[in-house]
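[1] Got a predicted structure here, sequence first:
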Amino acid sequence: MKINVTQILVEEHQLILRMIALVEKNTALLASGKFRNWTFYLDAVDFIRNYADRFHHAKEEDVLFIELIKNGMPEKQSPIEAMLMEHDQGRAHVRAMEEAAQKALAGETGQAALIADHAKGYASLLRSHIEKEDTILYPLSERVLPENVRPRMLTAYEQAESRMPGLKEKYLQLIESYEIQHAA
Ligand SMILES: [Fe+2]
Ligand SMILES: [Fe+2]
């Protein structure tokens, strides 16, 4: 049986989706004036930067996409180019959301609409991005990547993880703490 090189990424999507669900829920409350916890947005930005971007997107960009290109997938006008573009669009939303949340926290008024726009923009972008990876790009990767490159991919994933020890646990706790607040 082939070594699976995308299951780990599918599992990481699950944690990212839990944060997206929190962002959507809080942003709906923000719009109706019932939520003013700006720190939540900074925590979401921190999670997205470190977990979604550095931890997860790094595995895609530095390992999976590279192997796909080496094995015949074009770099330009291809699913890879589209996915990279979406990673960048996500980063732009996150920067804007952070800036507005910092201003709001410092007492500047009128930031809620901006935060909401970028929060919603990020959430819908990432939902469709994850859907495309889970249902199209990853299954395709499992079909096309040869067996002999797979062990080194897993090793590269592990190396990426070892550069950020304790990261998964830290963010799982962060997400659970917000989920509990909401259940109450
Ligand atoms: Fe991605
Ligand atoms: Fe992904």
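    Perfect, I can see it now. Ligands and ions are numbered 1, 2, ... in the order given.
[2] Would you tell me what the next helix or strand after the helix or strand harbouring Gln89 is?
    Counting by DSSP states H and E, the element that carries Gln89 is helix 79-105. Next helix or strand after helix 79-105 toward the C-terminus (DSSP H and E): helix 112-132.
[3] From the chain's centroid, how far away is that following helix?
    11 Å (CA atoms, centre = their mean, to the nearest Å).
[4] for the next helix or strand after it, what is the average pLDDT?
    Of the helices and strands lying after helix 112-132 in sequence (DSSP H and E), the nearest is helix 138-144. Averaged over helix 138-144, pLDDT sits at 97.
[5] in helix 138-144, what's buried?
    Going by neighbour count (16 or more other CB atoms under 10 Å), the buried part of helix 138-144 is Tyr138, Ser141. C-betas here are computed from N, CA, C, even on glycine.
[6] Residue numbering should commence at 52 henceforth.
    Sure thing, new numbering starts at 52, so read that last one as helix 189-195.
[7] what about the helix or strand following that helix, distance to the chain center?
    Going down the chain from helix 189-195, the next helix or strand is helix 201-213, by DSSP H and E. Remark: helix 201-213 is offset 19 Å from the chain centroid, using CA atoms, centre = their mean.
[8] list the buried ones in the helix holding Gln140?
    Across helix 130-156, burial judged by 16+ other CB under 10 Å covers 130-131, 134-135, 137-138, 141-142, 144-145, 147-149, 151-152, 154-155.
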